[in-house]
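[1] can't give you the sequence, but here's the structure:
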């Protein structure tokens, strides 16, 4: 039987949230720090249920990246892979390598945008990245909106089953660290919560 190993990304494989780190990497720390009051207002509106999570995340994403050519964004994602290496929790690469040597299919399922995870994942034997997808206009510019639902909670299960629909045909191992991974871990045959935090 095929074994699929599904990893959450932020907080599970990494010590820090990659969204803010990617903003800082692309736009500079000064731009990020100057935008903290704005981000705080948006987050506050989400916390009091004025904005839904996806809308709040889109507003912040649009603030920094709307109008950017997708090629520049993707190039930044490739360069960002070096930053991800610095952010990793202990023993992440050795565990990934162990599963790869066993011939398992490795997947990252994340609420973060696929574009800045994929280059790092491909370099580390992870062929499938299922994350939040961004909308691009006909001119190849980022619109600031998401093309897919925010990949968190039940959406993680939906995205996995789109790619691997015959659930009875494979064993599923899942790694997560928060409530947003709960549904995916419930679907799995073997789950590991905060595994790398304990290493």
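    Yep, it's here. Keep in mind that this is a model prediction, so the values were computed, not measured.

[2] could you check how far residue 109 is from residue 23?
    With distances taken as Cβ to Cβ, to the nearest Å, residue 109 is found 22 Å from residue 23. C-betas here are computed from N, CA, C, even on glycine.

[3] those two - which one has more neighbours?
    residue 109 (27 against 20; other Cβ atoms under 10 Å).

[4] tally of neighbours for residue 15?
    The tally of other residues near residue 15 (other Cβ under 10 Å) stands at 14.

[5] backbone dihedrals for it, both of them.
    phi -90, psi -20 (degrees, to the nearest 10).

[6] that one contacts residue 89, doesn't it?
    Yes - with contacts counted by Cβ atoms under 8 Å, residue 15 reaches residue 89, the gap being 5.7 Å.

[7] list the contacts of residue 170.
    Residue 170 is in contact with 1, 2, 3, 4, 105, 164, counting by Cβ atoms under 8 Å, 6 or more residues apart in numbering.

[8] and the longest helix anywhere in the chain, how far out from the chain middle?
    Longest helix in the chain, counting residues (DSSP state H): helix 70-87. Here helix 70-87 is found 13 Å from its chain centre; the criterion is Cα atoms, centre = their mean, to the nearest Å.

[9] how about the next helix or strand after that helix: buried residues?
    Remark: after helix 70-87, the chain's next helix or strand is helix 92-101, criterion DSSP states H and E. Within helix 92-101, the residues that count as buried by 16 or more other Cβ atoms under 10 Å are 92, 95, 96, 99, 100.

[10] what does the helix or strand following helix 92-101 rub up against?
    Next along the chain after helix 92-101, taking DSSP H and E as the criterion, comes strand 105-113. For strand 105-113, contacts defined as Cβ under 8 Å, 6+ apart pick out 2-10, 13, 18-19, 22, 61, 96, 99-100, 117, 121, 125-134, 150-152, 156, 159-160, 163-164, 170, 180, 184.

[11] residue 35 reaches residue 62, doesn't it?
    No - Residue 35 lies out of contact with residue 62 (Cβ under 8 Å); the separation is 11.9 Å.

[12] how about the strands in the protein?
    Assigned by DSSP state E, the strands in the chain fall at 2-7, 105-113, 128-132, 134-136, 142-146, 170-176, 190-193.

[13] of all these, which lies closest to residue 27?
    Closest to residue 27 of the strands of the chain, according to Cβ to Cβ: strand 142-146, at 13.2 Å.
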